[in-house]
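>>> sequence first, then the predicted structure:
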Amino acid sequence: MSIDKTAIRHAATVIVIRDRMTNPAILMGQRGANAAFMPNKFVFPGGAVDAADAHIPLATPLTAQCAARIGEDADADLAHAIPVAAVRELWEETGLILGTRGTWEGDIPPDWETFAATGHVPHAAPLQFVFRALTPPGRPRRFDARFFLLDADAVASDPDNFDAACDELSHLQWVPLTQARKFDMPFITEVVLAEVEARARDLNAPTSVPYFKNNDEESLFLRLHGHAAPYTSKP
């Protein structure tokens, strides 16, 4: 039996939700027709963790509970890099700012220059870790993706202004949760959507997180309960 050699990259995805107590809607966009990964599909904003993300300071870290869930079956240091990537990808793909007013110190990595120019520093406390999925073998790209639920009220910019977004996602729009399944989306997005539907009106982070683990031997549907290892965000 051949073994898939595609490198697995850590990734972060952000599910921004608004009006969750009345008429919940989620932010989605469409990937380009020429994209190597999931072309033409409607997805949530997100992408791979960059090396620089591990060294970006956060004004506020993830909650200890969410950090513990991320640290299970993974390097505990990812509890810093992954939410940083979530903030960066949200900014790059939608132009929305998840940050607090502040001044950056030292050199600013190129991928963060436009974010820093807004006068904000990233913070992760509003992000709720709600799902993890490993891309099955045989795909052109594989990601170990962590999905975060984010209330639109925590965004520091106008949630309807996508002018600063790059062109990676088109047709950015707020989709009523009841209408989302009418869009052409990847299978894993549909699975995560079910979790979002169940949690839409629950403001608390989940006590355990679903993990769709597709390794080279089998596909497992697990739950991450976290562990007691201490976590401190990097300064």
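Yes, it's here. Residues are numbered from 1 along each chain as shown.
>>> what's the closest non-adjacent residue to the most centrally placed residue in the chain?
What sits nearest the mean C-alpha location of the chain, by C-alpha atoms, centre = their mean, is residue 13, with 2.0 Å. With sequence-adjacent residues excluded and distances taken as C-beta to C-beta, 6 or more residues apart in numbering, residue 13 is closest to residue 46, at 3.1 Å. No exception for glycine: its C-beta is placed from N, CA and C like everyone else's.
>>> circling back to that earlier point, and the residue nearest to the centre of the chain, bridged to which residues?
Per DSSP bridges, the residues bridged to residue 13 are residue 46, residue 147.
>>> per-residue confidence at it?
Predicted confidence (pLDDT) at residue 13: the value is 97.
>>> for it, what are its contacts?
43-46, 86, 89, 145-148, 192 (C-beta atoms under 8 Å, 6 or more residues apart in numbering).
>>> 10 Å instead, please
The neighbourhood of residue 13, defined by C-beta atoms under 10 Å, 6 or more residues apart in numbering, consists of 43-47, 85-86, 89-90, 131, 133, 143, 145-148, 188-189, 192.
>>> now list the buried members of the residues you listed.
Of all these considered here, the ones buried according to neighbour count by 16 or more other C-beta atoms under 10 Å are 43-47, 85-86, 89-90, 131, 133, 143, 145-148, 188-189, 192.
>>> for the longest helix seen in the chain, what is the average pLDDT?
Ordering each helix of the chain by length in residues (DSSP state H) puts helix 78-94 first. Here helix 78-94 scores 97 as its mean pLDDT.
>>> what's the offset of that helix from the middle of its chain?
The chain centroid and the centroid of helix 78-94 are separated by 7 Å under C-alpha atoms, centre = their mean, to the nearest Å.
>>> low-confidence stretches in the protein?
Along the chain, segments meeting pLDDT under 70 span 1-6, 32-39, 227-235.
>>> which stretches in it count as helices?
For the chain, the helices defined by DSSP H occupy 64-71, 78-94, 113-116, 187-199.
>>> right, so these: which one is the most enclosed?
A comparison of these by mean neighbour count, using mean count of other C-beta atoms under 10 Å, puts helix 78-94 on top with a mean of 26.
>>> distance of the closest residue in space to residue 169 that isn't next to it in sequence relative to residue 188?
In space, residue 169 comes closest to residue 29 once its chain neighbours are excluded; the distance is 3.0 Å by C-beta to C-beta, 6+ apart. To residue 188, residue 29 is 16 Å away according to C-beta to C-beta, to the nearest Å.
>>> now swap in residue 52 and tell me
Taken as C-beta to C-beta, the span from residue 52 to residue 188 is 26 Å.
>>> before we move on, what about residue 25?
21 Å.
>>> what is the end-to-end distance of stretch 95-114?
Its first and final residues considered, stretch 95-114 spans 10 Å by C-alpha to C-alpha, to the nearest Å.
>>> I'd like the distance from it to the chain centre, please.
With C-alpha atoms, centre = their mean as the basis, the distance from the averaged C-alpha position of stretch 95-114 to the chain average is 18 Å.
>>> count the residues that sit near residue 75.
For residue 75, the tally of surrounding residues (other C-beta atoms under 10 Å) stands at 10.
>>> typed the wrong thing, it's residue 107
Residues near residue 107, counting by other C-beta under 10 Å, number 8.
>>> please give me every residue in contact with it.
Taking C-beta under 10 Å, 6+ apart as the criterion, residue 107 is in contact with residue 55.
>>> and what of residue 91?
Here residue 91 is in contact with 14, 45, 97-99, 111-112, 114-115, 118, 120, 122, 157, 164-166 (C-beta under 10 Å, 6+ apart).
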